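1. Task: produce atomic coordinates for the following.
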Amino acid sequence: MEVLAQVNLPVEELRHIVEQERGCITWGGTAKLAPVDDRLISVERPLAIDSAGQMVASILSKKLAAGSTNLLIDIPVGPTS
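-> Numbering: from 1, shown residues only. Alright, predicted model coming up:
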């Protein structure tokens, strides 16, 4: 998505866009929505631990913290994903 639009937005700008448009595609890394999940990711990445269940839990923790009421998750699968 970053090729098509800016996704690294300040929290206040992100909040404004969501209120105005009722949704958005963005990177929430700067929002500090789920600090424990951020720490888990910092350990999992170097160890190449990235199960589908953990990925979904990570996504859901941040969406819940952000107050999302609807969510569409597209998880790539297969040998080249």
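2. what sits against Ala5?
-> Ile25 (C-beta atoms under 8 Å, 6 or more residues apart in numbering). Bear in mind the C-beta positions are built from the backbone N, C-alpha and C, glycine included.
3. Return the distance of it relative to Ile17.
-> Ala5 is 11 Å from Ile17, where distance means C-beta to C-beta, to the nearest Å.
4. Tell me where the protein has helices.
-> If DSSP state H is used as the criterion, the helices of the chain fall at 11-21, 35-47, 52-66.
5. Point out where the protein drops to low pLDDT.
-> Scanning the chain for pLDDT under 70 picks out the ranges 27-31, 50, 81.
6. quick one, domains of it?
-> 1-31, 33-70 (automatic domain parsing).
7. In a markdown table, list the ones you listed along with distance to Val77.
-> Listed next are the domains of the chain as a markdown table, based on distance: least, C-beta to C-beta, whole Å:
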| stretch | distance to Val77 |
| --- | --- |
| domain 1-31 | 19 |
| domain 33-70 | 8 |
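8. who wins for proximity to Pro76 among those?
-> Closest approach to Pro76 among the domains of the chain is made by domain 33-70 (10.3 Å; C-beta to C-beta).
9. now the closest one, how far from the centre of its chain.
-> Per C-alpha atoms, centre = their mean, to the nearest Å, the displacement of domain 33-70 from the mean C-alpha position of its chain is 8 Å.
10. end to end, how far does it reach?
-> Domain 33-70 has an end-to-end distance of 17 Å (C-alpha to C-alpha, to the nearest Å).
11. What residues sit buried inside that domain?
-> Of all the residues in domain 33-70, those buried under the rule 16 or more other C-beta atoms under 10 Å are Leu33, Ala34, Asp37, Leu40, Ile41, Glu44, Ser58, Ile59, Ser61, Lys62, Lys63, Ala66.
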